[in-house]
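Asker: Have a look; sequence and predicted model below, questions after that.
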Amino acid sequence: YHNTPLAFAIFGGTGDLTKRKLIPALFSLVKEKRISDEISIVLVGRRNKDVIEFKEELLEFVKAYSRHKVKKDDWEAFAEKINYCRFDFEDEERGYNDLAKILENCHDRIFYLAVAPGLFEIIIKNLKKYNLIERDTGFQRIMIEKPFGFSLESAGKLNAAITKIIPEKKIFRVDHYLGKEMIQNILSIRFGNSIFEPLWNHHYIDNIQIISTETIGVENRGGYYDSTGVVKDMLQNHILQMLALIAMEPPVDLEPESIRNEKVKVLKSLRLFDKESAQKNIVRGQYGRGIIGGVEVPAYREEERVSENSNTDTFIALKINVDNFRWAGVPFYVKTGKRLDKKTTRIIVQFKKLPGINFYKNLNNGKPNLLVIKIQPEEGVFFQINAKSPGIDLIEPVKADYCHSCRADYNSPEAYEQIILEAIRNNSSIFTRWDELECSWKFEKSISESFEGIEPNFPNYAAGSKGPVEAAELLERDGRIWWDTF
Ligand code: BG6
């Protein structure tokens with residue numbers, strides 16, 4: 001428990017992430033007394049904001065996004081801790097000196113960079129130049145929101161530049177999926193159960209699916225998204241992190257470096273794509289108009305700040321190979337995208353079928369054993385096994401369904417609460433290390449290069465649908481189906 005005064009300064013303090021995620025998360029952490037009450041939250045932004053009005057605006061976001069009911073007293077006490085530091089990048093000297101003044105009495109400092117990746121380096125440089133970090137007392141840490149760079153090359157340059165300024169141990173590269181309760185549970189389920197671990201390999205597992213679908217479109221982030229697309233927005237980070245956790249070898253202990261060492265080995269084993277393999281194993285998509293929740297929604301190309309001829313992908317389905325001993329021949333199918341039929345994130349492990357046993361006539365039609373890790377919205381574990389139908393000699397799949405989030409003692413923090421808490425605790429195991437990102441960017445590069453010069457036929461799926469039909473065919477071709485209907 002951290003009980004000395006703490007300063008939490010957010011660059012990008014008026015942005016979307018601050019309003020929807022970071023402030024509600026900090027509010028919960030303070031309310032539940034999981035961090036020091038002596039926290040000073042400094043929102044750093046370029047806009048000219050009236051502080052009182054800004055706090056009112058923040059209150060609306062906390063009401064909408066916090067998992068707590070907001071009581072007036074709690075809010076007022078919390079709002080007192082918030083400062084706004086208007087930062088004029090034209091006059092950085094004054095900006096950083098103002099910030100230094102606000103932080104004067106607080107030596108434990110976290111700087112959260114929720115800005116475009118092009119600004120990370122210059123901000124860190126100036127934090128050092130104006131003596132806000134690398135101080136003799138307290139700790140100073142930097143949390144860096146994704147995307148960490150735009151490409152393999154730019155991420156590499158960024159990393160080289162910032163690690164020259166501050167040591168690696170002070171850098172916390174955020175991937176908020178690693179703060180999700182059930183993603184943290186993956187290692188416990190895998191390594192805490194003798195019934196799974198011996199089967200966790202190519203001898204017994206037929207395929208693994210990672211499905212992460214959203215119903216929202218690009219909302220007000222059209223400008224960002226149009227130059228990013230689904231591969232950089234979801235696959236390169238969140239999806240590959242889930243894949244690494246599901247596929248990694250047991251770490252020697254739970255130290256951050258031990259876990260990261262194993263994750264990076266998986267990411268190094270990802271088979272890169274070339275034009276030919278991409279053509280065969282990747283389905284790209286972009287949404288057209290459609291209906292979601294009874295409401296008609298515009299096509300991607302009609303969204304604000306999106307080019308009307310945009311070829312940015314908002315959907316991807318692909319078959320990934322992990323070329324190592326454990327996973328030889330086991331496909332990892334991934335599907336993710338925006339404006340699909342439902343919001344869900346799940347990892348499905350499909351086990352191989354047994355040969356038929358002749359006294360059950362229908363065993364060959366039986367369903368495979370499935371272990372489903374339900375990440376969101378419902379959290380839990382679902383296990384499909386075959387058992388006898390009552391009164392007749394036929395088997396049928398039955399389900400053992402554990403709902404983690406339904407427990408009476410359940411009080412799971414939001415991902416961003418967990419991320420902030422672990423940075424305060426100096427637990428870097430749920431943050432990404434550079435070599436993990438480097439491998440992920442290499443993988444991303446092999447995909448984006450294989451798309452070069454190819455004119456996709458977009459839009460190719462209706463908003464609210466299951467994505468392009470070719471995504472289903474990708475599995476049908478291998479005699480498999482997506483486990484996305486239960
Ligand atoms: C973010 C992406 O990292 O993750 C968004 O930039 C996406 O585009 C979001 O919507 C999904 O996060 P979650 O926690 O809602 O699944």
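Answerer: Noted; the coordinates are in hand.

Asker: Tell me where the stretch 1-150 of the chain has strands.
Answerer: 6-11, 39-45, 82-86, 108-113, 140-144 (DSSP state E, counting those that start in this stretch).

Asker: Counting by contacts, list what the longest one packs against.
Answerer: Think strand 39-45. Under the contact definition 3 or more CB pairs under 8 Å, 6 or more residues apart in numbering; DSSP states H and E, strand 39-45 sits against strand 6-11, helix 23-31, strand 82-86, helix 92-103. Every C-beta, even on glycine, is put in place using the N, C-alpha and C of the backbone.

Asker: Show me which residues of the protein sit near the ligand.
Answerer: E214, D233, T345 (CB under 6 Å from any ligand atom).

Asker: who wins for neighbours among those residues?
Answerer: Compared across the residues of the chain next to the ligand, T345 has the highest neighbour count, 23 neighbours, by other CB atoms under 10 Å.

Asker: does that residue sit in a helix or strand, and which one?
Answerer: Per DSSP states H and E, T345 falls inside strand 344-351.

Asker: Okay, now the sheet partners of that strand, with direction.
Answerer: Using DSSP bridges, the strands paired with strand 344-351 in its sheet are strand 205-213 (antiparallel), strand 370-376 (antiparallel).

Asker: can you put the ones you listed in JSON lines and add mean pLDDT?
Answerer: Putting the strands paired with strand 344-351 into JSON lines (pLDDT from 0 to 100) gives the following:
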{"stretch": "strand 205-213", "mean pLDDT": "98"}
{"stretch": "strand 370-376", "mean pLDDT": "96"}
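
Asker: JSON lines for those strands, including mean neighbour count?
Answerer: Shown next, in JSON lines, are the strands paired with strand 344-351 (neighbours: other CB atoms under 10 Å):
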{"stretch": "strand 205-213", "mean neighbour count": "21"}
{"stretch": "strand 370-376", "mean neighbour count": "21"}
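
Asker: any chance of these in TSV, plus distance to K55?
Answerer: What follows is the strands paired with strand 344-351, written out as TSV (distance: least, CB to CB, whole Å):
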stretch	distance to K55
strand 205-213	34
strand 370-376	30
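
Asker: quick one: which of those is nearest K466?
Answerer: Proximity to K466 (CB to CB) singles out strand 205-213 among these, at 8.4 Å.

Asker: outside of the closest one, which residues touch it?
Answerer: 199, 234, 238-239, 242-243, 246-247, 330-337, 340-353, 368, 375, 467, 478, 480, 482-484 (CB atoms under 8 Å, 6 or more residues apart in numbering).

Asker: now it: how far from the chain's centre is it?
Answerer: 16 Å (CA atoms, centre = their mean, to the nearest Å).

Asker: ok, now stretch 54-74?
Answerer: 24 Å.

Asker: Now do that stretch: distance from first to last residue.
Answerer: End-to-end distance for stretch 54-74, by CA to CA, to the nearest Å: 17 Å.

Asker: and it, average pLDDT?
Answerer: Averaging pLDDT along stretch 54-74 yields 94.

Asker: same deal with stretch 79-99?
Answerer: Here the average pLDDT along stretch 79-99 is 89.

Asker: now do stretch 245-254
Answerer: Mean predicted confidence for stretch 245-254 is 96.

Asker: Which parts of the stretch 251-400 of the chain are helices?
Answerer: 256-268, 275-281 (DSSP state H, counting those that start in this stretch).
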